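Novice: Sharing a model that was predicted from the sequence below.
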Amino acid sequence: MTDCCSAKGCEIEEMARQAGQRRVLIVVLLLNSAMFFVEFTAGLIAGSTALMADSVDMLGDAFVYVLSLYALTRSSRWKAGAAMAKGVFILVFGAVIVVEAISKAMVGVPPSSTLMFIFGSLALAVNLGCFALLWRYRTQDVNMSSSFECSRNDLIANTGVLIAAAAVLATASPWPDIVIGLLIAAVFLRSAVRVLAEAWPMWRAGTV
């Protein structure tokens, strides 16, 4: 009887944990989806590579959280597979940002530093909230760990946008924006390699 009750208690604890994860992922999914549209539009108007890269990161995160929600109640192999998909997605967007930075370098027009400050700060505030929500779940499994990795990258990218805005204001040059865009891409690529390296062995060893 004691063993039975203990086992039941573990099941309830696991269900509660997954319900908590689901609520958090839904919230950060909605926040990232909304911020993508806001920040991407601002990036187009401002002509900022860094701002647009940060907005595309928001879209990538929305996709990441959808995968995380899908994998929550599935096996360890499903969770590892979702994490691998996230890693590939991050890798692709890193390459897209590199192409965008090269395009901006050829045009040579500095972006609007004012819009970069306003919307970069807004994105930072939103991502700080997402980071705080995901913190308690960051070590529970590879699925939530990779979601936390994306949130942490967001904060790095947001800070980069604000640094680029200050440098553009000081120099009236497009190059700070381009350089920060490339650095954001480097963060994406590094994160993609880490997520894939962690998830691949788990996917091979897991069960369906």
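Specialist: Noted; the coordinates are in hand. Note that the structure is a prediction, hence the values are computed from the model and not measured.
Novice: Could you say which helix or strand holds the residue positioned nearest the centre of the chain?
Specialist: The chain has residue 150 as the residue nearest its centroid, 3.2 Å off, counting by Cα atoms, centre = their mean. Secondary structure assigned from DSSP states H and E places residue 150 in helix 142-171.
Novice: Distance from stretch 90-100 to the middle of the chain?
Specialist: In this view, stretch 90-100 has its centroid 13 Å away from the chain centroid, taken as Cα atoms, centre = their mean, to the nearest Å.
Novice: quick one: average confidence on that stretch?
Specialist: Averaged over stretch 90-100, pLDDT sits at 78.
Novice: what comes into contact with that stretch?
Specialist: For stretch 90-100, contacts defined as Cβ atoms under 8 Å, 6 or more residues apart in numbering pick out 49, 52-53, 56-57, 60, 150, 153, 181-182, 184-186, 188-189, 191-193, 195-196. In this view, the C-beta of every residue, glycine as well, is placed from N, C-alpha and C.
Novice: What's the ChimeraX syntax to select whichever of these are buried?
Specialist: In ChimeraX, this line selects whichever of these come out buried by 16 or more other Cβ atoms under 10 Å:
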select :49,52,53,56,57,60,150,153,181,182,184,185,188,189,191,192,195,196
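Novice: For this protein, name the helix or strand with the lowest mean pLDDT.
Specialist: Of all helical and strand segments in the chain, the minimum by mean pLDDT, DSSP states H and E falls on helix 2-46, at a mean of 69.
Novice: same for the helix or strand hosting residue 50, what does it pack against?
Specialist: Secondary structure from DSSP H and E places residue 50 in helix 49-71. On a contact count with 3 or more Cβ pairs under 8 Å, 6 or more residues apart in numbering; DSSP states H and E, helix 49-71 meets helix 2-46, helix 76-107, helix 113-134, helix 142-171, helix 175-205.
Novice: I'm done for today, thanks for sticking with me.
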